[in-house]
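In: Quick check, what structure comes out for this input:
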Amino acid sequence: MLIRIILLIVAFLAGLLLLAGQWGLLSGKTPTNLGVTDGKLKAPSQTENSVSSQASLYPTHPMRTYAEIAPIAYTGDASAAWTKLERAVATLPRTSVVTHKKLDTGQRYLYVQCTTLVLRFTDDVEFAMDEANHVIHVRSASRFGRKDFGVNRARIEAVRAAFNA
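Out: Reported below is the predicted structural model:
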């Protein structure tokens with residue numbers, strides 16, 4: 001009898017969690033400090049739930065090693081590379097473009113939000129082109145939770161694979 005009660009409680013709580021996700025209660029608030037400042041994207045998160053190709057620019061950051069990921073390298077024309085990036089990002093499921101612009105410095109910037117299928121968690125994903133070094137810097141971070149179970153790294157690697165295809 002006790003096991004049935006526990007199972008009913010677990011099922012009820014799981015149902016509540018699912019409803020909360022479907023109602024958008026788990027999506028979190030859009031960070032106000034995203035973008036490129038002094039040529040840098042925002043620092044990695046304080047927990048194991050983000051990746052950044054600029055993590056090394058924050059040498060004392062506690063998650064620097066965890067967050068490190070290579071930028072997306074390109075050869076040739078920057079405009080063509082940016083178009084390839086846009087196409088690669090378009091392959092990501094449940095992704096919407098929030099900001100797409102050319103900065104005053106001439107640097108290109110793209111900010112998208114990716115939403116998980118069931119619970120509708122939202123991740124913030126940024127791309128900034130560094131034409132001088134022929135790379136596109138990346139940052140992908142979860143808004144909720146202390147761990148992302150490798151989702152942000154896998155997302156950036158999927159973009160890299162689509163970009164290089």
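In: Extract the residue ranges of the protein that are flagged as low pLDDT.
Out: Across the chain, the ranges flagged by pLDDT under 70 are 14-28, 118-119.
In: Provide the secondary structure category for Phe149.
Out: coil (DSSP: H, G, I helix; E, B strand; the rest coil).
In: any idea how far Ser142 is from it?
Out: Distance, Phe149 to Ser142, using CB to CB, to the nearest Å: 9 Å. Backbone N, C-alpha and C define where each C-beta goes, glycine included.
In: How many residues are close by Glu126?
Out: 21 (other CB atoms under 10 Å).
In: Which secondary structure state does the residue nearest to the spatial centre of the chain sit in?
Out: Nearest to the mean C-alpha position of the chain, by CA atoms, centre = their mean, lies Ser140 at 2.4 Å. Put simply, Ser140 is strand when judged by three-state DSSP.
In: What of Ala88?
Out: helix.
In: And the helix or strand Tyr109 falls within, what does it pack against?
Out: Assessed by DSSP states H and E, Tyr109 sits inside strand 108-115. Contacts defined by 3 or more CB pairs under 8 Å, 6 or more residues apart in numbering; DSSP states H and E place strand 108-115 against helix 78-90, strand 95-102, strand 122-130.
In: distance between the shortest one and the chain's centre?
Out: If you compare the mean C-alpha spot of strand 95-102 with that of the full chain, they lie 13 Å apart, counting by CA atoms, centre = their mean, to the nearest Å.
In: Could you pull up the contacting residues of the nearest residue to His100 once chain neighbours are set aside?
Out: What sits nearest to His100 in space, not counting adjacent residues and going by CB to CB, 6 or more residues apart in numbering, is Leu110, at 5.3 Å. Taking CB atoms under 8 Å, 6 or more residues apart in numbering as the criterion, Leu110 is in contact with 85-86, 89, 97, 99-100, 126-128.
In: hang on, the earlier thing: of the helices and strands packed on strand 108-115, flag the one that's most buried.
Out: strand 122-130 (a mean of 22; mean count of other CB atoms under 10 Å).
In: what helices or strands is it leaning on?
Out: Using 3+ CB pairs under 8 Å, 6+ apart as the contact definition, the elements that strand 122-130 packs against are helix 78-90, strand 108-115, strand 135-142, helix 151-164.
In: Which positions in the longest one come out as buried?
Out: When you say that, I think you mean helix 151-164. Neighbour counts over helix 151-164 (16 or more other CB atoms under 10 Å) mark 151-153, 155-156, 159-160, 162-163 as buried.
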